[in-house]
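> what would the 3D arrangement of this be:
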Amino acid sequence: MVKHVFGPVPSKRLGQSLGIDPVPSKTCNWNCVYCQLGRTNPFTVERKPFVDNKKVLSEVRETLESHQPGEIDWVTFVGSGETCLHEGLEELVGEVKALSDIPVAVITNGSLLFMSEVRRALLPTDAVMPSLDAGNPDLYHKINRPHPAFTFERLVNGLMEFRKEYKHNLWIEVMLVRGLNDSEEALTEIATWMAKIKPDEIHIVQPTRPPVEMWVKPPDEAGVQRARAILGRVAKLTLPISGTYDLSGGGDLIEAILGIITRHPMRESELVESLKKWSQDDVKDTLNALEDSGKARVVIRNDIRFWSASEASYPDKHQDHE
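Numbering: from 1, shown residues only. Here you go, the predicted model:
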């Protein structure tokens with residue numbers, strides 16, 4: 001049985017975050033070069049009721065009841081693809097908000113914010129975190145590789161429309177990729193659009209999890225400093241925070257691990273650290289069982305071993321980007 005609720009997991013921006021995944025893997029309208037969940041195939045552009053909201057709410061309720069106050073900082077809608085493609089998101093957000101006082105966030109690529117029904121679904125949340133990795137159409141297509149139906153103009157116009165209506169935390173993420181959007185010119189173009197959108201914060205992030213394309217690298221320190229200097233003139237910048245993975249997952253350790261790595265591939269070192277309360281033999285047995293399950297795989301990027309879902313599509317050979 002595939003569970004739609006996972007974690008809590010350590011989030012760069014949200015502390016210990018309980019995840020809600022409302023779409024199957026990998027249901028998306030973009031095919032980003034840096035995506036940690038593998039390549040998008042085929043593209044999905046139509047909003048549908050991908051999950052049973054009642055089942056998801058039951059899982060959320062059960063998980064909240066099993067944790068002590070303070071163990072969960074945020075409840076976060078984050079999809080194995082594009083979160084807002086779930087047609088029942090508005091109802092689900094409202095029901096989850098009614099369950100507890102824990103703040104609710106939505107992580108999205110922002111591509112559907114041009115739709116009034118999507119903007120309406122997100123209005124009750126406490127934070128929305130869309131992406132803006134490029135400041136022009138050419139770079140948008142190189143980095144995010146959207147379905148042909150989606151244009152850069154539609155993306156930025158949707159973000160500006162949403163900002164007019166949304167009264168809570170709008171935190172826009174910029175994923176820096178070396179040689180693509182870490183130059184002064186590229187960052188200045190992004191900053192120009194940010195000034196028009198007026199986010200509350202800009203979150204600079206790097207591809208530290210296994211990027212789908214082998215040529216994707218994080219920026220060097222000079223690139224990071226350029227981004228901080230240029231984007232920091234527009235909005236507050238937030239640095240990542242760390243935390244621990246919750247693998248208590250209902251008693252079945254393998255299923256708990258799978259529930260996380262399907263949405264958040266983990267460095268092997270992170271996985272071993274999360275299993276530190278078990279003996280070394282138990283950890284070894286767990287990793288062997290994970291591999292034998294046929295549901296997980298090891299992906300190597302930049303000489304680092306990551307555990308991901310076996311169904312995720314990663315190229316095994318280096319392919320030059322355009």
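
> what's the pLDDT at Val9?
We have a pLDDT of 80 for Val9.

> ignore what I typed, I meant Arg119.
The score at Arg119 is 98. That number is its pLDDT.

> also the one 10 residues further on?
Per-residue confidence (pLDDT) for Met129: 97.

> now for it, how many residues are close by?
Using other CB atoms under 10 Å, Met129 has 26 neighbouring residues. In short, each C-beta sits where N, CA and C put it, glycine included.

> beta partners of it?
Following DSSP bridges, Met129 is listed with bridge partners Ile107.

> for it, give me its contacts.
Met129 is in contact with 13, 105-108, 171-173, 203, counting by CB atoms under 8 Å, 6 or more residues apart in numbering.

> most neighbours among those residues, which one?
Within these, Ile172 tops the neighbour count with 26 neighbours, counted by other CB under 10 Å.

> ranges for the helices of this protein?
In the chain, the helices defined using DSSP state H lie at 53-65, 89-99, 116-122, 137-143, 152-165, 184-197, 221-231, 253-261, 268-274, 280-292.

> how about the contacts of Met129 in a markdown table, adding distance to Ala222?
As requested, the contacts of Met129 are arranged in a markdown table below (distance: CB to CB, whole Å):
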| residue | distance to Ala222 |
| --- | --- |
| Arg13 | 24 |
| Ala105 | 31 |
| Val106 | 33 |
| Ile107 | 28 |
| Thr108 | 30 |
| Trp171 | 25 |
| Ile172 | 23 |
| Glu173 | 21 |
| His203 | 20 |
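
> as CSV, those residues with pLDDT and distance to Asn144 would be great.
Formatted as CSV, the contacts of Met129 follow (pLDDT from 0 to 100; distance: CB to CB, whole Å):
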residue, pLDDT, distance to Asn144
Arg13, 74, 20
Ala105, 97, 21
Val106, 98, 18
Ile107, 96, 15
Thr108, 98, 13
Trp171, 96, 18
Ile172, 97, 14
Glu173, 95, 12
His203, 93, 16
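
> between those residues, which is closest to Asp252?
Closest approach to Asp252 among the contacts of Met129 (CB to CB): Ile107, at 26.1 Å.

> which ones are touching that closest one?
The neighbourhood of Ile107, defined by CB under 8 Å, 6+ apart, consists of 76-79, 83, 129.

> pick the one among the residues you listed closest to Glu185.
Nearest to Glu185 among the contacts of Ile107 is Met129, at 25.5 Å by CB to CB.

> surely Tyr34 and Pro210 touch.
No. Applying CB atoms under 8 Å, one finds Tyr34 not in contact with Pro210, separated by 9.6 Å.

> the more surrounded of those two?
Remark: of Tyr34 and Pro210, Pro210 carries more neighbours, 27 against 23, as counted by other CB under 10 Å.

> phi and psi next, for that one.
Torsion angles at Pro210 (phi, psi; degrees, to the nearest 10) stand at phi -70, psi 110.

> and if you look at Pro24?
Torsion angles, degrees, to the nearest 10, at Pro24: phi -70, psi 160.

> and the pLDDT at Lys295?
Looking at Lys295, its pLDDT is 79.

> tell me the phi and psi of it?
Torsion angles, degrees, to the nearest 10, at Lys295: phi -100, psi 0.

> please tell me how far it sits from Glu268.
According to CB to CB, to the nearest Å, Lys295 and Glu268 sit 16 Å apart.

> can you check Ile107 too?
24 Å.

> cool, Val93 as well?
35 Å.

> with Leu180 instead?
Using CB to CB, we find Leu180 at a distance of 28 Å from Glu268.

> the two: who's more crowded?
Per other CB under 10 Å, whichever of Leu180 and Glu268 has more neighbours is Leu180, with 20 against 14.

> what does the pLDDT read for that one?
Listed pLDDT for Leu180 reads 97.

> same thing with the one 3 residues further on?
Among the per-residue scores, Ser183 shows a pLDDT of 97.

> please apply the same query to Asp246.
We note a pLDDT of 61 for Asp246 in this prediction.

> do Pro240 as well
At Pro240, the model reports a pLDDT of 53.

> how near is the closest residue to Met194 other than its chain neighbours to Leu170?
Spatially, and ignoring its direct neighbours in sequence, Met194 is nearest to Val234 (4.5 Å; CB to CB, 6 or more residues apart in numbering). The gap separating Val234 from Leu170 is 13 Å, by CB to CB.

> also Pro69?
Counting by CB to CB, the gap from Pro69 to Leu170 is 28 Å.

> looking at those two, which one has more neighbours?
The residue with more neighbours, out of Pro69 and Leu170, is Leu170; 20 against 8, by other CB under 10 Å.
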